[in-house]
Structure formats: structure tokens, C-alpha cells
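# Compute the structure for the input listed below.
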Amino acid sequence: MLIRVIIKNLFSFKDYTEFNMLPGRSTRMPHHLYEAGSVSVLKLNALYGANGAGKSNLIKSLDLLRSFVTEGQLPIEFITEVFKFDAESRKKDVYLGVEFIKDGTPFYYGITINQGIVVEEELQISGLGKKDDVTLFLRKDSADKKQLSLSFHEDVMKDKIAANYPEFLQSEVLERDELVLHYLQKRQHPVFNIYKKAFDWFKNDLVIIFPHYSPELLVLSIEQDAHFANFSADIMNSFKTGIQKIEVSNMSLEEYFGVDNREESARIRAELKAHPDKVITFRNQFEQVVFTSKDDKEFAKRLYFLHGEDNGANRFYAAEESDGTRRLLAYIPALYGAIYSPKVYLIDEIERSLHPLLIKELARKFSQDTTTKGQLIFTTHESNLLDQDIFRPDEIWFAEKKADGATELYALSEFKEHHTIDIRKGYLNGRYGAIPFMGNLRDLKWDTYAEAR
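Below you'll find the model as predicted:
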């Protein structure tokens, strides 16, 4: 579960800027609250803002942190994408911190980067503002001169075996542009389990979906998990796509590649024979095809769709479906995961290629479901979603571009609106900010350009 994110000097965030999933004073929709120990967090959030206001930068920032932790390589954006309206920003610290809950344990993890050097990294068990934080490790350095220091919690240092690792990590392994948390993922000593739990949140519980995202191995998920397959078909059917069933075809390599691409067929067959348990994937603009082998036979696995219009008489592959249908299909793993697992799903531009009424119905279904376990957070321009029957006021946030070009984030709950107020109308009228400034079209001098022709 995500509690809060704090960002400074990255993309359009200049000063310390916070986004959080903490409930306000509203008592409406109590089923939107997840109780995790001594803290409650919200399950849903929609972030609005004009083009260029910086709402997508929140998701990009979290994605950079996730990538850095899990892959271990410093993303170049921590150097190139500092706040550019400040001439001195390249020399200033970039900060990213995230507070989250994993298996009942609240963590706070933060990194400070200066000109490509990790000058501070800290992992804590968060006291959630109610008791003291417990520092699990603290790493410090200097951008000007190497002054790397590393300290661990006493539970590590008191263990004769585990206590050897911090010194080895600091002196022999850790580079100045690498993260301590990344190296702790494979420690086998039980004392490091709490650290691995924090790493696992970034790797498995934080799921980020950008506009051109396509889920990995969706074919295998539908083929191997009957519950997920039925859920997927029910979603597609309930949103009137015409699809009543989703199945998997197992084609021979010759059938899939045809006579014009025998070399590729032979290459994949040879690779699968050498590694029978391997899964090979190929993605075109419409679908991901999965190549596997079983009983010395090689197959190309593809999804196909059966429609109610002809009682499933014909197979339709992804290329024959609409952009909106394919986009809806891509969202199904996220929706399924947010319902059945305590993961965090962040979707940038959720309305891409989907009808506004369909998006609203998706949000409504998730909002009204009292059995969900995960969080769904997304950016959008779609004003039809601004409905207090779907969202609590603390679940609608706005991104506003200030005069200095910096992004400011704030919640609808700050305006203390009554739950009967038409917030969509108020938003479009500029009551809450975060909308594009539309100047007088005459000021654009279109007539001047027309005369010039």
C-alpha cells in the first residue's frame, strides 16, 4: 500500500512536493479505507491537470525510483531531468522518498542524488508520526569528495555473520551511483528479511502503466488461470465489446510464420529445443505472441476472441479488434490485481483510446466493490469522472503549474465542498484550478495567417 510520495528538483517538481493516499475528514464511502495497523490509506485516486502541469511527472518519478531500486543502474533522468527553470538546479539535490506498507510493516525509503552521486539513502520502519522511526540503514556521501559511510541497525551488527556484510558492501561492492537496497535483495541471512521485504514492494507491489503499456505473458495467464480467464471474459462482455469468450490458440511454428519466414521459425525451434523450459515472446503492434515447447513440439500461443454476434463461430485475433478493445484488454491484469491483491497500480492517461463512459464505469465498479484489496491511482483529463458518487473528495487531486513553472499538488478535500456539489462543473469553470488557460482566439491572430496566404 502506498502512503505518500515526496519529490524535489525532479522533472517539474522544484521544492519538496507531496502526494499522499491519506484520508481527510470525510466519512463517506468507508469501504474506500484500508486499515493497515495504525494507519488508514485510500484505495482510489484520480489526478487531474492541464497539459504540461506535471501530473504525469508524479508517475514518471516513481517509475525512476522503482527502476533504480530493482535494476540497480542509475537512470540518467536523475541528472538530465532536474527542474530546468532554475539555473542552479543541476548542482542541487534531487530527492525522492516514498512511504509504504508491505505485509503490515510501514516503511519509509528515501534517496538524495547530487550530480549522479547518491549522497544519502535511508530505509526506515516508519513510526507513521505516532512513534519514533527505526532506521534500518543509513548511507551518506558527498558530491564533491568521496566520503561514503554506511551504518546498519543493531540487529545486523550484533549478529556475528551478518555484521561482516556492511563493511564488505561499503569497501568492496557499493559504487557511489548504486543503491544499498538493491544489493540487499539476495541476502540469505534471516536478519535481512525485513530489508528484502522493502525491496519486494518495489519489485512486485508497485505496478506502473504508461499509455503504450502492454501486459507481459497475458496469453499464459489466460491459459493457465481459469479464474483470471473468466474474469477477463466477463469484463470484456460487460462493457459491450461483443466478446463473450477469450481463448488461446496453439499454432505450429509453420502455421504462424508461413512460408515467407522459415528462417525465424527455424531459429525459434532451435532455441526451444536447446532450452525446453524457456518462454520466447514476440510483440507486434497488436499483440504479444508466446513461443513454448511441450512434448518435443513447438507452439505459437495467441489470444483469440469469440463474439456473440455469430455465437462464437469465428475467431478474431487482436489485430481485428478495435484500439479501444485492445486497450481495455491491457487494463484487465491491473484491474484484476487491484481487486484481488494488495498492490499499487498507477496508470498514466487512463482514458487513452477508451470511451469516457467506459472509463467511468470501470472507476465506478472499482469504487463500489467492497472486497478490493489494492490501490488504483491514475492521471486523467476526463471530466466525466468527477463524480462524488465514485470518489471521496480526498481521492481527487489536482496538478497546477505555478508562475515559476513548478508543479503544485493538492486535493479536492482542501476546498471543503459539500458532497452534493457538482464538482465537474466547478472544475470546468476553473474553481479548483488545474485546467488549461484558454486565451481569446483573436489573440492567436489566425486571421493574420489567413491573410498571408
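# contacting residues for the residue nearest to residue 323 when sequence neighbours are not counted?
Excluding the flanking residues, the one nearest residue 323 by C-beta to C-beta, 6 or more residues apart in numbering is residue 353, at 4.5 Å. Just so you know, the C-beta spots here come from the backbone N, C-alpha and C atoms, and that holds for glycine as well. Applying C-beta atoms under 8 Å, 6 or more residues apart in numbering, we find residue 353 in contact with 323-324, 326-327.
# Among those, name the buried ones.
When the contacts of residue 353 are checked for burial by 16 or more other C-beta atoms under 10 Å, the buried set is 326-327.
# Okay, the most centrally placed residue in the chain and residue 409: tell me how far apart.
The centroid of the chain falls nearest to residue 208 when counting by C-alpha atoms, centre = their mean (1.8 Å). Distance of residue 208 to residue 409, given as C-beta to C-beta, to the nearest Å: 18 Å.
# on that earlier part again, need the max-distance pair from the contacts of residue 353.
324 and 326 (7.3 Å; C-beta to C-beta).
# related to what we said a few turns ago, confirm that the residue nearest to the centre of the chain lies within a strand, as I assumed.
Yes: the assignment for residue 208 is a strand, going by DSSP: H, G, I helix; E, B strand; the rest coil.
# any idea how far it is from residue 126?
For residue 208, the distance to residue 126 - C-beta to C-beta - is 22 Å.
# same thing with residue 301?
Residue 301 is 44 Å from residue 126, by C-beta to C-beta.
# check contacts around the nearest residue to residue 228 once chain neighbours are set aside.
Excluding its sequence neighbours, the residue lying closest to residue 228 (C-beta to C-beta, 6+ apart) is residue 221, at 5.5 Å. By C-beta under 8 Å, 6+ apart, the contact set of residue 221 is 215, 228-229, 333.
# Residue 221 sits in which helix or strand?
Element membership for residue 221 (DSSP states H and E) is helix 218-224.
# Quick check: which ranges of the chain have low pLDDT?
The model of the chain has pLDDT under 70 over residues 437-453.
# So what touches stretch 240-256?
Contacts for stretch 240-256 (C-beta under 8 Å, 6+ apart): 219, 222-223, 229, 232-233, 236-237, 265, 268-269, 289, 291, 297-309, 312, 315, 321, 325, 328.
# Tell me which entries of those lie within strands.
Per DSSP state E, strands hold the following members of those: 289, 291, 297-307, 315.
# could you dump those residues to CSV with distance to residue 135?
Formatted as CSV, the ones in strands among the contacts of stretch 240-256 follow (distance: C-beta to C-beta, whole Å):
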residue, distance to residue 135
289, 48
291, 48
297, 55
298, 53
299, 52
300, 52
301, 48
302, 51
303, 48
304, 54
305, 52
306, 56
307, 58
315, 58
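# Return the closest of those with respect to residue 344.
Nearest to residue 344 among the ones in strands among the contacts of stretch 240-256: residue 303, at 26.6 Å, using C-beta to C-beta.
# Could you report the neighbour count for the closest residue to that closest one other than its chain neighbours?
Nearest residue to residue 303 in three dimensions, chain neighbours excluded: residue 219, at 5.6 Å (C-beta to C-beta, 6+ apart). Counted with other C-beta atoms under 10 Å, residues neighbouring residue 219 total 23.
# And for residue 40?
Residue 40 is flanked by 16 other residues according to other C-beta under 10 Å.
# got the contact list for the spatially closest residue to it that is not a sequence neighbour?
Spatial nearest neighbour of residue 40, chain neighbours left out: residue 33 (4.6 Å); criterion: C-beta to C-beta, 6+ apart. Going by C-beta under 8 Å, 6+ apart, residue 33 touches 23, 40-43.
# Closest one of those to residue 99?
Distances from residue 99 to the contacts of residue 33, taken by C-beta to C-beta, are shortest for residue 41, at 9.9 Å.
# which SS state does residue 24 fall under?
With three-state DSSP as the basis, residue 24 sits in coil.
# Surely it and residue 411 touch.
Yes: Residue 24 lies in contact with residue 411 (C-beta atoms under 8 Å); the separation is 6.9 Å.
# Please enumerate the shared neighbours of the two.
By C-beta under 8 Å, 6+ apart, residue 24 and residue 411 have these common neighbours: 393-394.
# Tell me which of the two has more neighbours.
residue 411 (20 against 15).
# What's opposite that one in the beta bridge?
On the basis of DSSP bridges, residue 411 is bridged to residue 397.
# Residue 302 too?
Under the criterion used here (DSSP bridges), residue 302 is bridged to residue 249.
# what about it, neighbour count?
19.
# so how far is residue 406 from it?
Separation of residue 302 from residue 406 (C-beta to C-beta): 47 Å.
# Repeat that for residue 271.
For residue 271, the distance to residue 406 (C-beta to C-beta) stands at 50 Å.
# Can you show me the helices along the protein?
Along the chain, the stretches classed as helices by DSSP state H are 55-71, 77-80, 154-157, 164-168, 180-183, 193-200, 218-224, 226-238, 253-257, 262-274, 323-340, 356-368, 423-428, 446-452.
# Quick one: those as TSV, columns for distance to residue 29 too.
Output for the helices of the chain, formatted as TSV (distance: least, C-beta to C-beta, whole Å):
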stretch	distance to residue 29
helix 55-71	23
helix 77-80	36
helix 154-157	40
helix 164-168	46
helix 180-183	35
helix 193-200	30
helix 218-224	31
helix 226-238	22
helix 253-257	48
helix 262-274	50
helix 323-340	16
helix 356-368	7
helix 423-428	15
helix 446-452	46
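# Residue 104: which of these is closest?
Short answer: helix 193-200, nearest of the helices of the chain by C-beta to C-beta, at 9.8 Å.
# Format the CA atom coordinates belonging to that closest one as CSV.
Output in CSV follows, covering the C-alpha atoms of helix 193-200 (Å, rounded to 0.1, in the frame of the first residue of the first chain):
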residue,chain,number,x,y,z
ASN,A,193,14.4,-10.4,5.6
ILE,A,194,13.0,-7.1,6.7
TYR,A,195,15.2,-5.4,4.0
LYS,A,196,14.1,-7.9,1.4
LYS,A,197,10.5,-7.2,2.2
ALA,A,198,11.0,-3.5,1.4
PHE,A,199,12.8,-4.4,-1.9
ASP,A,200,10.0,-6.7,-2.8
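# That one relative to helix 55-71, how many degrees between them?
Helix 193-200 and helix 55-71 are oriented at 130 degrees to each other (axes from the mean of the first three to the mean of the last three C-alpha atoms, to 10 degrees).
# Pull the residues that contact helix 193-200.
With contacts defined as C-beta under 8 Å, 6+ apart, helix 193-200 is touched by 69-70, 102-103, 105, 107, 109, 123, 125, 136-137, 181-182, 184-185, 187.
# Give the ChimeraX command for selecting the buried subset of these.
With 16+ other C-beta under 10 Å as the criterion, this ChimeraX line picks the buried residues out of those:
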select :69,70,102,107,109,123,125,136,137,181,182,184,185,187
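# What about residue 420, how many residues nearby?
6.
# Distance-wise, check the nearest residue to it once chain neighbours are set aside relative to residue 345.
Nearest residue to residue 420 in three dimensions, chain neighbours excluded: residue 388, at 7.7 Å (C-beta to C-beta, 6+ apart). The gap separating residue 388 from residue 345 is 22 Å, by C-beta to C-beta.
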